[in-house]
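**Student:** sharing a sequence plus its predicted fold:
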Amino acid sequence: MSRILVIEDEPAIGWSLRERLTDDGHAVDLVASAEAALETCGEFAPDVMLLDVRLPGRDGLAAFADLRTLAPAARIVVMTAFGDLDTAVRAMKEGAFDYLVKPFDLERMTAVVSRALAEVPLETHTGTGSPVPPGGVRLIGTSLPMQEVFKQIALVAPTDLPVLITGATGTGKDLAARAIHTHGPRHARPFLATSLAALAPSVIESELFGHVRGAFTGAAGDRQGLFELADGGTLFLDEIGDAPPDLQVKLLRVLETGEIAPVGAAQPRPVDVRVIAATNRDLSAALETGTFRSDLFHRLNVFPISMPPLAARLDDLPALVAAFVERITPQRPAVTKAFLDAIRARPWPGNVRELEHAVEYACVVARGGVLQPEHLPPSAAGEAAARDRSGLEDDDALTRAVQAWVADHWPADGAGAGSLHAGLVGLVETALIEETLARVGGNRTAAARLLGVDRATLRAKLER
């Protein structure tokens, strides 16, 4: 029987955790403060601790080191309803086994506990990690998809592993890359970024690797490339999916050898650079067509991070709008509920970047006054109208598709009578659920909200 210590000051949450873990066969102790947890650890060493961050008196992260000292073999799972990137980074640097954001499923909690009990205990934290630099990059969000991104950043930032960040245009892949650099050991060294799609094929190799004097017409002197300029720091290669084939070969060599070959140079030069790449393309499809090398993909994809689309994190809209308004104008105009409702009702194919530009436009139009729906860009409304008009054509196409399906499945001689409705509804519902989950990065909470069903209903449909 495993011994688990739950440190939670909310009685209802603590009771739920204790009951569920007890039902799973664990011995569970429940305390409501960090001080009580330290006393308990003085009496016995738990196998796993579930530690809330916001506690009366001393908060959970402040007590982390002392809990570690008293129970060095225990795996500590941090719980919080107020997660942000700094909290995630602090928790992971202290040596947290995992990071749960409230509200979370009890099934997810028990899975984390089971995994913690199955794994080898972590080494005692030595406290030698680099401090988080002040004024670091600020990624905004309290939604569950963003909490997962924060946790991934916190895990990979202290390492030198290559990272591949994927996501649609405007989801903040560049901010995630900067956050990894800011919270890592290279934070005092350069962070350089470039978009491979923006570099002309004739200069892309020189821009990245540099050149020596006389390497080509116009090369009047030696020139350092981005890899050399970023030595000791981080190089962010955006739009990696647009890298031409010959450049892919050279990038793979740099990642494998830690050396670059400037254009025209006889000898390679060593560089110490962490590479973070990003793309909005489907690289798996590019692998199948042969336009992207599989060996380079696997070299970059050591630690993948997927940035969620704005549709999967609508709970972050108020915080995002407030942050944009604060940065755009010193007047900080009030944001009305109607303004937020109008934003929530619109599709944002350009994601957070498009939202930011819309808020900028609204602040200019409002001239320091209260932000109202009519202050949003008219182009967004025009796009919505165009989508509505195209929807009429889509409806006709859908009708024709249904007619064709019915014709193909029309029962002959009464065979299969009564199955038309169930068959078509099942087909459409499956496609709808799969497409919705794909668009929100697999997040079931966001998918259930968009579909208009509760999570239990969605779970049951997925199981079927």
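**Tutor:** Structure's in. What do you need? Numbers count the residues shown, from 1 in each chain.

**Student:** quick check: Arg189 touching Gly233?
**Tutor:** Yes: using C-beta atoms under 8 Å, Arg189 makes contact with Gly233 at a distance of 3.4 Å. From N, CA and C alone the C-beta is placed, and that goes for glycine too.

**Student:** any idea how far Gly221 is from Glu39?
**Tutor:** 69 Å (C-beta to C-beta, to the nearest Å).

**Student:** between those two, which one's more packed in?
**Tutor:** Glu39 (12 against 8; other C-beta atoms under 10 Å).

**Student:** now that one, what's its secondary structure?
**Tutor:** helix (DSSP: H, G, I helix; E, B strand; the rest coil).

**Student:** name the helix or strand for Ala338, please.
**Tutor:** helix 337-345 (DSSP states H and E).

**Student:** contacting residues around that helix?
**Tutor:** Leu314, Leu317, Pro318, Val321, Leu355, Ala358, Ala362, Leu371, Gln372, Pro373, His375, Leu376 (C-beta atoms under 8 Å, 6 or more residues apart in numbering).

**Student:** those residues in helices, which ones?
**Tutor:** Leu317, Pro318, Val321, Leu355, Ala358, Ala362 (DSSP state H).

**Student:** distance to Leu451 added to the residues you listed, as JSON lines?
**Tutor:** As requested, those are exported to JSON lines (distance: C-beta to C-beta, whole Å):
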{"residue": "Leu317", "distance to Leu451": "19"}
{"residue": "Pro318", "distance to Leu451": "23"}
{"residue": "Val321", "distance to Leu451": "25"}
{"residue": "Leu355", "distance to Leu451": "23"}
{"residue": "Ala358", "distance to Leu451": "26"}
{"residue": "Ala362", "distance to Leu451": "30"}
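
**Student:** number of nearby residues for Glu228?
**Tutor:** Residues near Glu228, counting by other C-beta under 10 Å: 17.

**Student:** I figured it hits Gly210, correct?
**Tutor:** Yes: using C-beta under 8 Å, Glu228 is in contact with Gly210, at 5.7 Å.

**Student:** which residues are in contact with each of the two?
**Tutor:** Common neighbours of Glu228 and Gly210 (C-beta under 8 Å, 6+ apart) are Ile260.

**Student:** got the phi and psi for Arg20?
**Tutor:** Main-chain torsions, Arg20, degrees, to the nearest 10: phi -70, psi -40.

**Student:** quick check: which element contains the residue nearest the centre of the chain?
**Tutor:** Nearest to the mean C-alpha position of the chain, counting by C-alpha atoms, centre = their mean, stands Val149 at 3.1 Å. Using DSSP H and E, Val149 sits within helix 144-156.

**Student:** ok, back up a step: any of the contacts of helix 337-345 buried? List them.
**Tutor:** Buried by 16 or more other C-beta atoms under 10 Å: Leu314, Leu317, Val321, Leu355, Ala358, Ala362, Leu371, Gln372, Pro373, His375, Leu376, out of the contacts of helix 337-345.

**Student:** coming back round to it: let me know the closest of the ones in helices among the contacts of helix 337-345 to Glu256.
**Tutor:** Nearest to Glu256 among the ones in helices among the contacts of helix 337-345, counting by C-beta to C-beta, is Leu355 at 39.7 Å.

**Student:** how long is stretch 449-459 end to end?
**Tutor:** One end of stretch 449-459 to the other measures 13 Å (C-alpha to C-alpha, to the nearest Å).

**Student:** what does it contact?
**Tutor:** Under C-beta under 8 Å, 6+ apart, the answer for stretch 449-459 is Ala311, Leu314, Leu432, Ile433, Thr436, Val440, Arg444, Thr445, Ala447, Ala448, Lys461.

**Student:** may I have stretch 276-294 exported as PDB, CA atoms only?
**Tutor:** Extracted in PDB, the C-alpha atoms of stretch 276-294 (Å, rounded to 0.1, in the frame of the first residue of the first chain):
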ATOM      1  CA  ILE A 276      14.600  26.000 -31.700                       C
ATOM      2  CA  ALA A 277      12.500  25.500 -34.800                       C
ATOM      3  CA  ALA A 278       8.900  26.300 -35.600                       C
ATOM      4  CA  THR A 279       6.400  25.700 -38.400                       C
ATOM      5  CA  ASN A 280       2.800  26.000 -39.300                       C
ATOM      6  CA  ARG A 281       3.000  23.300 -41.900                       C
ATOM      7  CA  ASP A 282       2.100  19.600 -41.500                       C
ATOM      8  CA  LEU A 283       5.600  18.100 -41.500                       C
ATOM      9  CA  SER A 284       4.300  14.600 -41.400                       C
ATOM     10  CA  ALA A 285       2.700  15.200 -44.800                       C
ATOM     11  CA  ALA A 286       6.000  16.800 -46.000                       C
ATOM     12  CA  LEU A 287       7.800  13.600 -44.900                       C
ATOM     13  CA  GLU A 288       5.500  11.500 -47.000                       C
ATOM     14  CA  THR A 289       6.000  13.600 -50.100                       C
ATOM     15  CA  GLY A 290       9.800  13.800 -49.500                       C
ATOM     16  CA  THR A 291       9.900  17.600 -49.300                       C
ATOM     17  CA  PHE A 292      11.300  17.400 -45.800                       C
ATOM     18  CA  ARG A 293      14.000  15.100 -44.600                       C
ATOM     19  CA  SER A 294      13.000  12.500 -42.000                       C
END
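
**Student:** what comes up buried for that stretch?
**Tutor:** The neighbour-count check on stretch 276-294 (16+ other C-beta under 10 Å) flags Ile276, Ala277, Ala278, Thr279, Asn280, Leu283, Ala286, Thr291, Phe292, Arg293 as buried.

**Student:** ok, these vs Thr166, which is closest?
**Tutor:** Thr279 (6.0 Å).

**Student:** pLDDT score for the residue lying closest to the closest one once chain neighbours are set aside?
**Tutor:** Spatial nearest neighbour of Thr279, chain neighbours left out: Gly241 (4.0 Å); criterion: C-beta to C-beta, 6 or more residues apart in numbering. Gly241 is assigned 91 on the pLDDT scale.

**Student:** can I assume Gly241 sits in a helix?
**Tutor:** Yes: looking at Gly241 with three-state DSSP, it is inside a helix.

**Student:** what about it, neighbour count?
**Tutor:** Counted with other C-beta under 10 Å, the neighbours of Gly241 add up to 20.

**Student:** likewise Gly141?
**Tutor:** Neighbour tally, Gly141, other C-beta under 10 Å: 21.

**Student:** repeat that for the one 10 residues further on.
**Tutor:** Residue crowding around Lys151 was assessed by other C-beta under 10 Å; the count is 23.

**Student:** gap between the residue nearest to Thr279 and Val402?
**Tutor:** In terms of C-beta to C-beta, Gly241 sits 37 Å off from Val402.

**Student:** that'll do, ta.
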